[in-house]
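Pasting the sequence and the predicted model now:
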Amino acid sequence: MSQNTLLNYYLFMNNPLIYPPLGVFVWTLVSFGILVFILAKWGWPMLLKSLKSREQAIAESLSKAEKAREEMRQLEAKNEDLLKQAKIERDEMLSNARAAGEKIVEDARLRATEEITRMRESAVESIKNEQLRAMHDMKNQIAQFSIDIAEKLIKAELSDRERADAFVKKELEAIQKQYE
């Protein structure tokens, strides 16, 4: 062995931290025993009580979390049901609105058709009335022209009395034949 190794061995063997003297060892054991007794008497029960209460608190928290999770599932299911119901109601409302809109349009179309028919009938009747009035006016004018022409012809032809009597007789016979 070298000198360096011997020195290390000597320092290691005589180190009081590694190999304490017998008195220090005994007193350390006595102190440790008292510490274990005090901890066993008062410390461990308190420590175990704290651990037990902590364990109960954790168990309660887990139970509450599970209940909350279950309530959340129920709420989600209710929300989905409400959402489905709202969609059904929305679709129903849209369908009703469409039907009402179509009914309004159809009613308006029917009223417009009736109004157009009434206006057309009124126009046709007005046109017929105008035609009748025009025909009446034309007949009156023709009658007036005929009277004027007849008057002039009669004046020209009836200047002679015998011819006038023959003419009136002939015309009266023609009118009687017409109405028979």
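That came through fine.

Would you map the helices across this structure?
3-13, 22-38, 44-157, 161-179 (DSSP state H).

could I get those helices as JSON lines with mean pLDDT and mean neighbour count?
The way it works is simple: take the backbone N, C-alpha and C, and place the C-beta from them, glycine included. Listed next are these as JSON lines, based on pLDDT from 0 to 100; neighbours: other C-beta atoms under 10 Å:
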{"stretch": "helix 3-13", "mean pLDDT": "64", "mean neighbour count": "10"}
{"stretch": "helix 22-38", "mean pLDDT": "91", "mean neighbour count": "10"}
{"stretch": "helix 44-157", "mean pLDDT": "89", "mean neighbour count": "10"}
{"stretch": "helix 161-179", "mean pLDDT": "76", "mean neighbour count": "10"}
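
Centre of this structure to the edge, which residue is at the far end?
Each residue of the chain has a distance to the centre, and by C-alpha atoms, centre = their mean the biggest one is for E162: 101.5 Å.

which ones are touching that residue?
With contacts defined as C-beta atoms under 8 Å, 6 or more residues apart in numbering, E162 has no neighbours.

K169 versus that one, what's the distance?
Plainly put, E162 is 11 Å away from K169 if you go by C-beta to C-beta, to the nearest Å.
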